[in-house]
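Visitor: the following block contains a protein sequence and its predicted model.
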Amino acid sequence: MKTSETSSGTIILGPHRCGTSLVTSLIAGMGHDLGGEIIPAEKANPEGYWEHRGVVENHNNFLRAVGRSWSDPLPLDPSVFSGTEATAARGHIKEIFDRDFRGKRLWVLKDPRLCRLLPLWDEVLNSKDVAIRFVHVVRSPIAAAASLEKRDGMRLETSFVLWLRHLIEAELATRRYDRLWVALENIASNPIAQASRLAAWLNENSNKPGQDIETLVTSVFRPDLLHNKATPDEPVLNDFPWVADLYRELSSWTATEDPSQRKTLDRILAEISTADRLMIGNPLAAHQSFQREERLVFRGTIEDFQRSTHTMRVEISTHRQETEQLRSQVGDLQHLVTRIETKHAELLSRSLDLTSEIEKKYIRQTEEFHEVQKNVQRLETDLATLHTARDLLEEKIRDKDQEITQAGHNITDLEAILGQVTSDNAAFEVEKANLLGLVKHLEQELDQSQKAWQLTSDTLNVMTRQLSWRITAPLRAIRGLLPSREK
């Protein structure tokens, strides 16, 4: 590999539908310039083709000029690369390369047609100020054929021949260059390891700040898009030994390319060339024969399409009748919707009336609640007054109890004195009578106090049994307006 040039280009080679777009997107994510305008994504390739529009258009123009197309599996006569069409194509390539690629430090180019059209790029490949290297992408021929059949309706045999010619011709044309072989199946099974291997071979890390290999892979790789998968041991390959041998050999090269094993590819190439001479002869006549066969196939396709069109017309007529029925049903539904809207308006009016009544009732209940609150406050004031009176009565009763106790002590003392002073019995009796009168008076006062206390308790009991007292019980409980008192 050249190392002193100012420009380093990587060309991605591989058959159609084999993963060249994915590999190109990885290399572009590592900081390699794509040149000019890129063909945008579409349904058949939702992640994009990553192909330079000018290069692809030039290749297609050349193929049309020599009576060929990308899907033509027949060999290209070497003379097509020395005619006026090739001269014009090389002129466009030089113009595109000088404008979009020359002088850029790193660039990448991809178009599956390059596998068969590299002779048009000989001037670029031999430039002294550009270092060219190649990445060959290999995919199972069965998976590639399944993808081409889904996208283009291509037959299995045609797909296999295209796959074979793209790889065998690209391998032969790049033997003197630095190159790397990668397998799409390996990328699918371990994308980070394969992307790291690719970056190491390119001697490049991602040139985007803050982006590592794992981030790059996550941003460009979508496993859900790999719908078709196969292995080198698929039984169908037994009927196509060239395809099987080439796939098996190149699959081993995706680990390490062994130049000593090129004899397998040389054998296949020689056998294919011999078969081309024996079975095809004049490539132009063979191409015309191939075109006639393709026209027959196309005519059959048109007949199938016409039959399908007739069936579709019948289905469309049926759908139209069903549509008319649906329109009638829609009219009925619209009438029903009108009735529902009228009923909804009536219900809404009634709802507004009920809402107004509820608001009025709420206002009344709020006023009644405020009145109850005022009554509760008055009852709480009365209750506080009763509690104060009860406290005073309790204090008076305690005082009377103390007086009675003291009087008892006095009686005891007097009795003791009475027992000792027998001589003054008359006077003692008088004093005793006075004391007994005092005791009787105190007992009467005590009895009156107890009756007053009983009256107060009865009053409290009557009040607590009243409805207003029960209604305000939750408020008293919440506010703690009646603290417990120890008797």
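Guide: Received the coordinates, thanks.

Visitor: so who does Glu367 touch?
Guide: For Glu367, no contacting residues are found, by C-beta atoms under 8 Å, 6 or more residues apart in numbering. Quick note: C-beta positions are derived from backbone N, CA and C, even for glycine.

Visitor: next one, pLDDT for it please.
Guide: For Glu367, the pLDDT comes out at 88.

Visitor: assign it to helix, strand or coil.
Guide: helix (DSSP: H, G, I helix; E, B strand; the rest coil).

Visitor: and if you look at Ser69?
Guide: Taking three-state DSSP, the label given to Ser69 is coil.

Visitor: quick check: the gap between it and Met154.
Guide: To Met154, Ser69 is 12 Å away according to C-beta to C-beta, to the nearest Å.

Visitor: next: Ala407.
Guide: If you measure Ala407 against Met154 using C-beta to C-beta, the figure is 132 Å.

Visitor: sorry, back to before: and Ser69 and Met154? Which one has more around it.
Guide: Neighbours per residue (other C-beta atoms under 10 Å) separate Ser69 from Met154, with Met154 holding more: 19 against 13.

Visitor: burial count for Gln261?
Guide: Neighbours of Gln261 (other C-beta under 10 Å): 12.

Visitor: typed the wrong thing, it's Glu42
Guide: 9.

Visitor: bridge partners for it, pull those for me.
Guide: Counting by DSSP bridges, Glu42 forms beta bridges with Asn45.

Visitor: quick one: Pro75 is in a strand?
Guide: No. Counting by three-state DSSP, Pro75 is not found in a strand; it is coil.

Visitor: phi first, then psi, for it.
Guide: Main-chain dihedrals, Pro75, degrees, to the nearest 10: phi -70, psi 150.

Visitor: which secondary structure state is assigned to Ala188?
Guide: With three-state DSSP as the criterion, Ala188 reads helix.

Visitor: ok, how many other residues are close to it?
Guide: Per other C-beta under 10 Å, the neighbour tally for Ala188 reads 17.

Visitor: please apply the same query to Asp458.
Guide: Per other C-beta under 10 Å, the neighbour tally for Asp458 reads 10.

Visitor: check which helix or strand it maps to.
Guide: According to DSSP states H and E, Asp458 maps onto helix 425-465.

Visitor: from the chain's centroid, how far away is that helix?
Guide: 92 Å (C-alpha atoms, centre = their mean, to the nearest Å).

Visitor: what does stretch 21-39 give?
Guide: Its chain's C-alpha centre and that of stretch 21-39 lie 27 Å apart, by C-alpha atoms, centre = their mean.

Visitor: check stretch 359-366 too.
Guide: Distance, stretch centre to chain centre, for stretch 359-366: 52 Å (C-alpha atoms, centre = their mean).

Visitor: also stretch 392-402?
Guide: Centre-to-centre, stretch 392-402 and its host chain are 84 Å apart (C-alpha atoms, centre = their mean).

Visitor: correct me if wrong: Gly14 contacts Pro141.
Guide: No. Judged on C-beta atoms under 8 Å, Gly14 makes no contact with Pro141 at a distance of 11.8 Å.

Visitor: where's Leu117 relative to Ile93, distance?
Guide: Going from Leu117 to Ile93 by C-beta to C-beta gives 10 Å.

Visitor: thinking again about what came up before, tell me which other helices or strands the helix holding Asp458 touches.
Guide: helix 283-420 (3 or more C-beta pairs under 8 Å, 6 or more residues apart in numbering; DSSP states H and E).

Visitor: repeat that with 10 Å
Guide: Contacts defined by 3 or more C-beta pairs under 10 Å, 6 or more residues apart in numbering; DSSP states H and E place helix 425-465 against helix 283-420, helix 467-471.

Visitor: the stretch 1-150 of the chain: strands as residue ranges?
Guide: Along the stretch 1-150 of the chain, the segments classed as strands by DSSP state E, counting those that start in this stretch run 7-13, 106-110, 130-138.

Visitor: so what's Leu216 closest to, chain neighbours aside?
Guide: Gly29 (4.5 Å; C-beta to C-beta, 6 or more residues apart in numbering).

Visitor: still on that earlier bit, for the helix holding Asp458, what is the average pLDDT?
Guide: 79.

Visitor: anything in contact with each of Gly14 and Pro141?
Guide: Residues within reach of Gly14 and of Pro141 at once, by C-beta atoms under 10 Å, 6 or more residues apart in numbering, are Trp163, Leu167.
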